[in-house]
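>>> Here is my input; please provide its structure:
(chains A and B)
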Amino acid sequence: MRAYFGRRYSLSASHRLHTEALSADQNREAYGKCNNPHGHGHNYTIEVLVGGPIDPATGFVTDLARLDSVIQARVLDRFDHANLNLDPIFANRVPTTENLCRTVFEILEGPVAPAELVQVRVEETENNFFEYSGR
Amino acid sequence: MLFLTRRATFSASHYYWNDAWSAEKNGQVFGRCANRNGHGHNYTIEVTVAGEADPVTGFVVDLKWLKDVMEREVLAAWDHRHLNLEAPEFASATLNPTTENLAIAAWKRLEPSVAAAGGARLSRVRIYETPEIFAEYRGEP
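Numbering: from 1, shown residues only, chains lettered A, B, ... in the order given. Just a heads-up that it's a prediction; the model follows:
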């Protein structure tokens, strides 16, 4: 039977919401305080949901230790305590939480195999979160 | 379609073991969870039902009724129990009480009561083993 396994991770990072496609005034208009040139930071929660059949020998959908090691190597080592704007993947992509969510999904989709990545949810604060399911 | 979720907590102990494997392999695969003396968690179960709001009451289902169903079908069997030794679905030792299997077992316990009540259908059972680890079952084959 198909079931789902979810795991939540924390990462702290800084970012600045700014795009070269807009003027300085337009950036301030669009992004408000988030356009502060010096940036600001968040404690993000990354929730990874994988799906698939349950292995009858173990009772697991996925190997948790392997999932942890993939997220550690591909996401946490890369983005935790970093400035998101300086990562090459955000060179032409504003590091909004929408884009961070989509980026994390795209980074993880291949490496979590054979588990199927179903959804990535990123909570930027206690009061806002974003979800992406690959479409 | 409206989705209604009720949350409850229970505490239980368990361990992971596959009788077909050597003790060494069990240790390799399950790590500390293979300790046969067991360990425990404070679990949270979230039960989601889907349906339309009743035109008279405005309810998808009566929350008190859903609470009673969860207590009768799940918590009475699992709360403050050793899942490997006392929960019927795991006592045969052929099925590990992983969070995934708990989600499916809880679904099987709850679904007949929800279906018999008419109206709403069971949509999802999610079980948190810790605040950072959860599994869910949506009734898919």
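>>> what ranges do the helices span in the chain?
With no chain named, the answer covers chain A. A:24-31, A:64-71, A:77-79, A:97-109 (DSSP state H).
>>> nope, chain B
Counting by DSSP H, the helices of chain B are B:23-30, B:63-70, B:76-78, B:83-86, B:99-117.
>>> Which positions within stretch A:79-91 qualify as buried?
Residues of stretch A:79-91 classed as buried under the neighbour-count rule (16 or more other CB atoms under 10 Å in any protein chain shown) are A:Phe79, A:Ala82, A:Leu84, A:Asn85, A:Asp87, A:Phe90. Where you see a C-beta, it was placed from the backbone N, CA and C, and this is true even at glycine.
>>> returning to what we had before: among the helices of chain A, which is nearest A:Ser133?
Closest to A:Ser133 of those is helix A:97-109 (CB to CB; 7.7 Å).
>>> tell me, how many neighbours does A:Phe105 end up with?
Other residues lying near A:Phe105 total 20 when counted by other CB atoms under 10 Å in any protein chain shown.
>>> list the contacts for it?
With contact set as CB atoms under 8 Å, 6 or more residues apart in numbering or on different chains, A:Phe105 has these partners: A:Leu117, A:Gln119, A:Val120, A:Tyr132, A:Ser133, A:Gly134.
>>> Check A:Gln119 too.
A:Glu47, A:Leu49, A:Phe105, A:Glu131, A:Tyr132, A:Ser133.
>>> Narrow these to those that are buried.
Looks like the contacts of A:Gln119 have A:Glu47, A:Leu49, A:Phe105, A:Tyr132 buried, using 16+ other CB under 10 Å.
>>> Could you work out the most separated pair of the contacts of A:Phe105?
Between any two of these (CB to CB), the greatest distance is 10.0 Å, for A:Leu117 and A:Tyr132.
>>> okay, the closest residue to A:His81 other than its chain neighbours: pLDDT?
Excluding the flanking residues, the one nearest A:His81 by CB to CB, 6 or more residues apart in numbering or on different chains is A:Ser12, at 5.9 Å. As predicted, A:Ser12 sits at a pLDDT of 98.
>>> and what of B:Leu95?
93.
>>> which residue sits farthest out from the middle of chain B?
Note on chain B: the largest C-alpha distance from the chain mean falls to B:Val56, namely 31.7 Å (CA atoms, centre = their mean).
>>> all strands for chain B, in order.
B:2-14, B:39-51, B:81-82, B:121-130, B:133-137 (DSSP state E).
>>> Ignore what I typed, I meant chain A.
A:2-15, A:40-53, A:82-83, A:116-125, A:128-132.
>>> For the residue in chain A that chain B sits nearest to, which residues are in contact?
Distances between chain A and chain B by CB to the nearest CB are smallest at A:Gly59, namely 3.4 Å. By CB under 8 Å, 6+ apart, the contact set of A:Gly59 is B:Tyr16, B:Leu95, B:Asn96, B:Pro97, B:Thr98, B:Glu100, B:Asn101.
>>> just curious, which of those residues is nearest to B:Arg138?
B:Glu100 (12.2 Å).
>>> okay but the closest one is in contact with A:Val61, surely?
Yes: at 5.2 Å, B:Glu100 and A:Val61 qualify as touching, with contact defined as CB atoms under 8 Å.
>>> What parts of chain B come near chain A?
Within chain B, the positions near chain A by CB under 8 Å from any CB of the partner chain are B:16, B:18, B:20-21, B:29-31, B:95-101, B:103-104, B:126, B:131-138, B:140-141.
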